[in-house]
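[1] build the 3D model from these lines:
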Amino acid sequence: MEELRSTEILDREIQDDARRKADKILKASDAECAQLASETAARIEAVTQEKEAEYANLLQTYVRDAEASIPLIKQRRLVSFTDTSVKSALDSWFNDIGENKRLEIYRKLLEKFKPVLVGHTVTASYIGYSEKQIKIFLESVFGSGIVTEFICLTLNSAEVLGFSDGVYLVSSDKLIVCRATREEIVNDLLSNKRQELAEALLGGSLPL
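    Just a heads-up that it's a prediction; the model follows:
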């Protein structure tokens, strides 16, 4: 009988010890979980703040770049609008002055090519004039015999060569090309006389 009570006491002691150890383990686990939760929350907060700062910087950079680009965009649009207006005014002016005056303008370009074309013959492609006009015109610039062929271009073929009015000369050996065209004149004027053209044709100032 005494032995049975001793066994029961031993069992209770073992159970009590097991419960104490379990409680200790549970408390330790609770503390560890609480620490992990705290550390996790801190990491989340740190990452959140870091990302918020990063996105705020990105937003500030975007706003700053956008604000800086607005004057540039306005300037480009103004220049584009003014150039288009000047080109349109030049086109109207070219049309209004008539064929003879246009040819006289082209003469100044072709006279610059005379030293280059010495000893060469050329093919003359043209648009906007009759063959008779072009023949007389080129002979007045270079003399007779230099042009061996005259080609009247269509609008499409002239566009391929990059012009809409004027004369396009190619030497017989294909090594020399001389252009006396509306586009050459307009580009030259826009490159060298943009401000003056804007003031004369539009009554305003062209941004440089």
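[2] how about the helix or strand where E184 lies, which residues are buried there?
    Assigned by DSSP states H and E, E184 falls within helix 182-192. By neighbour count with 16 or more other C-beta atoms under 10 Å, helix 182-192 contains the buried residues R182, E184, I185, V186, L190. To be clear about C-beta, it is placed using only N, CA and C from the backbone, and glycine gets the same treatment.
[3] same check, this time on stretch 123-141
    A124, S125, Y126, I127, G128, Y129, I134, K135, F137, L138, V141.
[4] give me the pLDDT for the closest residue to V147 other than its chain neighbours.
    Nearest non-adjacent residue to V147, counting by C-beta to C-beta, 6 or more residues apart in numbering: A124, 4.8 Å away. Looking at A124, its pLDDT reads 97.
[5] how about A124, phi and psi?
    phi -110, psi 110 (degrees, to the nearest 10).
[6] so what's it bridging to?
    A124 forms beta bridges with F150, L169, as assigned by DSSP bridges.
[7] distance check, it against K132.
    13 Å (C-beta to C-beta, to the nearest Å).
[8] ok, now F94?
    For F94, the distance to K132 equals 21 Å [C-beta to C-beta].
[9] of the buried residues of stretch 123-141, which belong to strands?
    Members of the buried residues of stretch 123-141 lying in strands (criterion: DSSP state E): A124, S125, Y126, I127.
[10] quick one: residues contacting the third one.
    For Y126, the contacting residues are I134, F150, I151, C152, L153, G166, V167, Y168, by C-beta atoms under 8 Å, 6 or more residues apart in numbering.
[11] please name the nearest non-neighbouring residue to the fifth one.
    It stands for L153. Spatially, and ignoring its direct neighbours in sequence, L153 is nearest to I127 (4.4 Å; C-beta to C-beta, 6+ apart).
[12] E159 is in contact with that neighbour, correct?
    No: using C-beta atoms under 8 Å, I127 is not in contact with E159, being 9.4 Å away.
[13] average pLDDT for the helix holding E184?
    pLDDT averaged over helix 182-192 gives 85.
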